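Asker: coordinates only, sequence not included:
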Ligand SMILES: NC(=O)C1=CN([C@@H]2O[C@H](COP(=O)(O)OP(=O)(O)OC[C@H]3O[C@@H](n4cnc5c(N)ncnc54)[C@H](OP(=O)(O)O)[C@@H]3O)[C@@H](O)[C@H]2O)C=CC1
Ligand SMILES: CC(=O)[C@@H](O)[C@H](O)COP(=O)(O)O
Ligand SMILES: [Mn+2]
């Protein structure tokens, strides 16, 4: 019986992970975490009967504790998250929290010799070198959950990495594909939250609309697969059927295809190297009208260009890129800034940053704090 913890069980990835696990009888969930959504967490506790749960918000944690404290151990705050990430009997930690809040529990999980099923891309974007060094040092596995990275991981299986010529990272193009800057001026939150192919949490959905999601994924791919930035090519593929591809030096291209359903990569990450039968709709190629490909428009969708710039520079500027994006997206979701201000805010913070080449965790959190202060002083 494989044992797992899910950090961020009440989110889009967290819920789908529980859905997958409940259909298998050989995986047990020992720990769950949420930020504030204790109503859903309570239902999940009834369903999966974990040993320990953690709620980031202290007040919500104490409400939950009073309600159901006898059924399960209820912890709070970052210490609680770390405890769930390091439970002695856990084999795999699913990192499904959103944002840089995932860094510390991921680091501690690796140090406690847990394998990581990684959805939380912001951790790898900001602390990629530290995480990948720890993965090697503690001899644990990192299984990508992000659909593109799962596709690349599968397309690399059994191959010689030295023979890879490039990674073709597919992008849907988001809800505004084909639009120009003028047309993006008055974009509403509702329009930006309307992803054409995937149902996801709000932050990543906005990232898909700005193409920052693809920028973060280029950086995630660099760390996971140890490839140079110029070996990662973004290909807009509006149907989201090909989840990414690897081109080899003989010109062969290996891809992974499937319906856009995150439960497939989640299940693969949890069961690797096994493939497990499920009741997820299968890809019917006769119903796919066409598979098309375009170049990304990085002049209109500037976030992707900014992500390539941060990757080229490397170091703490990656944390600035990510932290500025997290704050800009939060402000957009609160109707405090406009859609086109998102890249403007990120570029402003990046231009003001004094880069540190090999940042420690302290440097990373300082860069995050400094970024927030710089942005608040202009957009607060
Ligand atoms: N959704 C998807 O299909 C995909 C997501 N990813 C990545 O996976 C991660 C999760 O995304 P998604 O599931 O969409 O996000 P959601 O917003 O749906 O869920 C986020 C989860 O994290 C918790 N959380 C939020 N803020 C905090 C905090 N400050 N401290 C502790 N916990 C917190 C939330 O708790 P609560 O519910 O209480 O707020 C929730 O459980 C992201 O990094 C995203 O980029 C990658 C590929 C696909
Ligand atoms: C499901 C998933 O992995 C998302 O990251 C998805 O890729 C978002 O789609 P975009 O290609 O529009 O960013
Ligand atoms: Mn993705």
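Answerer: Cool, the structure landed. Since the model is a prediction, treat every value here as computed from it, not as a measurement. Numbers count the residues shown, from 1 in each chain. Ligands and ions are numbered 1, 2, ... in the order given.
Asker: could you say which helix or strand contains residue 245?
Answerer: strand 242-248 (DSSP states H and E).
Asker: show the subsequent helix or strand relative to that strand.
Answerer: Downstream of strand 242-248, the first helix or strand assigned by DSSP H and E is strand 253-257.
Asker: which residues does whichever residue of the stretch 101-250 of the chain sits closest to ligand 1 contact?
Answerer: Closest residue of the stretch 101-250 of the chain to ligand 1, C-beta to the nearest ligand atom: residue 201 (2.5 Å). Backbone N, C-alpha and C define where each C-beta goes, glycine included. Residue 201 makes contacts with 11, 12, 13, 98, as judged by C-beta atoms under 8 Å, 6 or more residues apart in numbering.
Asker: returning to that earlier point: the strand holding residue 245 packs against which elements?
Answerer: Other helices and strands packing on strand 242-248, by 3 or more C-beta pairs under 8 Å, 6 or more residues apart in numbering; DSSP states H and E, are helix 147-156, strand 164-171, strand 253-257.
Asker: I'd like the ones you listed written out as JSON lines, with mean pLDDT, distance to ligand 2 and mean neighbour count added.
Answerer: Below are the helices and strands packed on strand 242-248 laid out as JSON lines (pLDDT from 0 to 100; distance: least, C-beta to the nearest ligand atom, whole Å; neighbours: other C-beta atoms under 10 Å):
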{"stretch": "helix 147-156", "mean pLDDT": "98", "distance to ligand 2": "3", "mean neighbour count": "24"}
{"stretch": "strand 164-171", "mean pLDDT": "98", "distance to ligand 2": "4", "mean neighbour count": "22"}
{"stretch": "strand 253-257", "mean pLDDT": "98", "distance to ligand 2": "12", "mean neighbour count": "17"}
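Asker: nearest to ligand 3, of the ones you listed?
Answerer: helix 147-156 (4.7 Å; C-beta to the ion).
Asker: now the strand holding residue 245 and helix 147-156, what's the angle there?
Answerer: In terms of direction (axes from the mean of the first three to the mean of the last three C-alpha atoms, to 10 degrees), strand 242-248 departs from helix 147-156 by 40 degrees.
Asker: format the helices and strands packed on strand 242-248 as TSV; extra columns: distance to ligand 1.
Answerer: As requested, the helices and strands packed on strand 242-248 are exported to TSV (distance: least, C-beta to the nearest ligand atom, whole Å):
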stretch	distance to ligand 1
helix 147-156	6
strand 164-171	13
strand 253-257	15
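Asker: on that earlier part again, of the contacts of residue 201, just say which sits nearest to ligand 3.
Answerer: The nearest member of the contacts of residue 201 to ligand 3, counting by C-beta to the ion, is residue 13 at 10.7 Å.
Asker: contacts only, for that closest one.
Answerer: Residue 13 touches 94, 96, 119, 145, 201, 262, 266, counting by C-beta under 8 Å, 6+ apart.
Asker: tell me the SS of it?
Answerer: Using DSSP: H, G, I helix; E, B strand; the rest coil, the structure places residue 13 in helix.
Asker: and what of residue 239?
Answerer: Secondary structure, three-state DSSP: residue 239 is coil.
Asker: can you count the residues close to it?
Answerer: 16 (other C-beta atoms under 10 Å).
Asker: quick check: mean pLDDT of the strand holding residue 245?
Answerer: Taken as a whole, strand 242-248 carries a mean pLDDT of 98.
Asker: quick one: is that strand near ligand 2?
Answerer: No - Strand 242-248 stays clear of ligand 2 (C-beta under 6 Å from any ligand atom), getting no nearer than 7.6 Å.
Asker: could you give the angle of that strand to strand 253-257?
Answerer: Going by the same axes, to 10 degrees, strand 242-248 makes 160 degrees with strand 253-257.
Asker: and strand 242-248, how far from the chain's centre?
Answerer: 19 Å (C-alpha atoms, centre = their mean, to the nearest Å).
Asker: can you check stretch 205-214 too?
Answerer: That offset, for stretch 205-214, works out to 12 Å (C-alpha atoms, centre = their mean).
Asker: what's the strand holding residue 245 in contact with?
Answerer: 147-152, 155-156, 159, 163-170, 235, 253-258, 265, 291.
Asker: returning to that earlier point: go through the contacts of residue 13 and flag which are in helices.
Answerer: Of the positions in the contacts of residue 13, residue 266 sit in helices, assigned by DSSP state H.
Asker: I'd like to know which of the contacts of residue 13 are buried.
Answerer: With burial judged by 16 or more other C-beta atoms under 10 Å, the buried subset of these is 94, 96, 119, 145, 262, 266.
Asker: now do the contacts for residue 77.
Answerer: 54, 56, 58, 61.
Asker: for the residue of the stretch 101-250 of the chain closest to ligand 1, phi and psi?
Answerer: phi -60, psi 160 (degrees, to the nearest 10).
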